[in-house]
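Colleague: I'll drop the sequence and a predicted model, then ask my questions.
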Amino acid sequence: MYEIVKRLLLPILLFFSLTVAAQSQEEITQLAEQGDAQAQAKLASMYLLGWQGFEQNNELAAEWMQKAADQGIVEAQVVMGALYDRGLGVPGDRNAATKWYEKAASQGHGTSLAILGRNETAKGSVKFSYQAMRLNAARSIPREYAKRFLMRK
């Protein structure tokens, strides 16, 4: 079992670290300061995760992620929704969170649609709690989406 996990996980971790290493911290910071939305999301992710020499700082993460979200990066909008839902780096504010989820949902983002209770596939004969789904999503989205941003070139 350990050998299988090692064979599957090692290449993924190697790819992940090489992708981020392809851009230096200075380059990412410079691009972010120049207004590059993807770099802003990546810089926010580095602060959010405490990645490669960056001290974890939720306030700076939220500040940079909002800059990316304001420029229309859908995933950054979803992260902002989750940050406001949790009060992570920003004051907890369900209305602000909903606003960010609405922006992403208006662009067809499936998870945001589900969080807002507008995902038709979830509305079947099975009892589904959108409130529990939103809570779980708010817990997992920031870290998972941050990892995705860091994997992009």
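Modeller: Perfect, I can see it now.
Colleague: so where do the helices sit in the protein?
Modeller: With helices called from DSSP state H, the chain shows them at 2-21, 25-33, 37-49, 58-70, 74-86, 94-105, 110-115, 130-151.
Colleague: Switch those over to a markdown table; also include mean pLDDT and mean neighbour count.
Modeller: Every C-beta, even on glycine, is put in place using the N, C-alpha and C of the backbone. As requested, the helices of the chain are exported to a markdown table (pLDDT from 0 to 100; neighbours: other Cβ atoms under 10 Å):
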| stretch | mean pLDDT | mean neighbour count |
| --- | --- | --- |
| helix 2-21 | 48 | 10 |
| helix 25-33 | 93 | 15 |
| helix 37-49 | 95 | 25 |
| helix 58-70 | 97 | 21 |
| helix 74-86 | 96 | 26 |
| helix 94-105 | 95 | 19 |
| helix 110-115 | 87 | 21 |
| helix 130-151 | 83 | 17 |
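Colleague: Give me the spatial nearest neighbour of residue 97, chain neighbours excluded.
Modeller: Nearest non-adjacent residue to residue 97, counting by Cβ to Cβ, 6 or more residues apart in numbering: residue 84, 3.7 Å away.
Colleague: I would like the residues contacting stretch 86-102, please.
Modeller: Here stretch 86-102 makes contact (Cβ atoms under 8 Å, 6 or more residues apart in numbering) with 48, 57-63, 69, 77-78, 80-85, 112, 115-116, 138-139, 142.
Colleague: Ok, stretch 107-115 next?
Modeller: Around stretch 107-115, the neighbours that count as contacts under Cβ under 8 Å, 6+ apart are 74-75, 77-78, 81, 101-102, 104-105, 119, 122, 130, 133-134, 137, 141.
Colleague: Apply 7 Å and report the result again.
Modeller: With contact meaning Cβ atoms under 7 Å, 6 or more residues apart in numbering, stretch 107-115 is reached by 74, 78, 101, 104-105, 119, 122, 133-134, 137.
Colleague: Repeat that for stretch 66-82.
Modeller: 37, 40-41, 44, 65, 97, 100-101, 103-104, 107, 109, 111-112, 137-138, 141-142, 145, 148.
Colleague: returning to that earlier point: give the contact list for the residue nearest to residue 97.
Modeller: Applying Cβ under 7 Å, 6+ apart, we find residue 84 in contact with 90, 92-93, 96-97, 100.
Colleague: make it 10 Å
Modeller: Neighbouring residues of residue 84 by Cβ atoms under 10 Å, 6 or more residues apart in numbering: 62, 66, 90-101, 138.
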